[in-house]
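K.L.:
after the sequence you'll find the predicted model.
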Amino acid sequence: MKKITLFSDGSSLGNPGPGGYGTILKFGSKEKIISGSDEHTTNNRMELLGVIEGLRALKEPCDVDIISDSSYVVKGINEWLAGWIKRDFKKVKNPDLWNMYLDVSKEHKVHAIWVRGHDGHVENERCDKIARDEAQKVKDLLT
């Protein structure tokens, strides 16, 4: 099983507002950048969508370390998800995305790791810039 590191960050200009995500997949010395946006979204949705799209891009089952500055995503994956599933996502925000996450993550071995945002972590800073740039592009199109 390949060992992949998935770095991801999300951004929204307003919460809700125009948003974007930036994801970097690393396998050895290879790297792939994935980004996207939404016209009207929240920061948490973009944080989670970046992880989903990163996992979706993997072509085979992998051992994946997800590196994120989002406590929502990291705790959601590592701590809360099992309980949310048991209660069928009642009173959980973004159940559509969590169900997408379950679908795209099922063939992978996933562990999420939290890093402090805006603290000099090279890949996290790059993902943050990609996410903000994507959100700004959408905002500029809307104005």
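P.N.:
All right, it came through fine.

K.L.:
every contact and neighbour count from this point should use C-alpha atoms.
P.N.:
Fine.

K.L.:
mind listing the helices for the protein?
P.N.:
Counting by DSSP state H, the segments of the chain that form helices are 43-56, 71-75, 81-86, 95-105, 122-142.

K.L.:
and stretch 51-66, end to end?
P.N.:
8 Å (CA to CA, to the nearest Å).

K.L.:
distance between that stretch and the chain's centre?
P.N.:
Offset of stretch 51-66 from its chain centre (CA atoms, centre = their mean, to the nearest Å): 11 Å.

K.L.:
quick thing: my sequence starts at 725, can you match it?
P.N.:
Done: numbering now begins at 725, and the last item shifts to stretch 775-790.

K.L.:
would you mark the buried spots in stretch 735-750?
P.N.:
735-737, 741-750 (16 or more other CA atoms under 10 Å).

K.L.:
dump the residues you listed to a markdown table, plus distance to residue 861 and pLDDT.
P.N.:
A markdown table is the format used below for the buried residues of stretch 735-750 (distance: CA to CA, whole Å; pLDDT from 0 to 100):
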| residue | distance to residue 861 | pLDDT |
| --- | --- | --- |
| 735 | 12 | 97 |
| 736 | 11 | 97 |
| 737 | 11 | 96 |
| 741 | 12 | 97 |
| 742 | 9 | 98 |
| 743 | 9 | 98 |
| 744 | 9 | 98 |
| 745 | 12 | 98 |
| 746 | 13 | 98 |
| 747 | 17 | 98 |
| 748 | 19 | 98 |
| 749 | 22 | 98 |
| 750 | 25 | 98 |
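
K.L.:
tell me what residue 758 is bridged to.
P.N.:
residue 747 (DSSP bridges).

K.L.:
what number of residues lie near it?
P.N.:
Number of residues near residue 758 (other CA atoms under 10 Å) recorded here: 18.

K.L.:
my guess is it meets residue 748, correct?
P.N.:
Yes: counting by CA atoms under 8 Å, residue 758 does reach residue 748; the two are 6.3 Å apart.

K.L.:
nice, that's everything, thank you.
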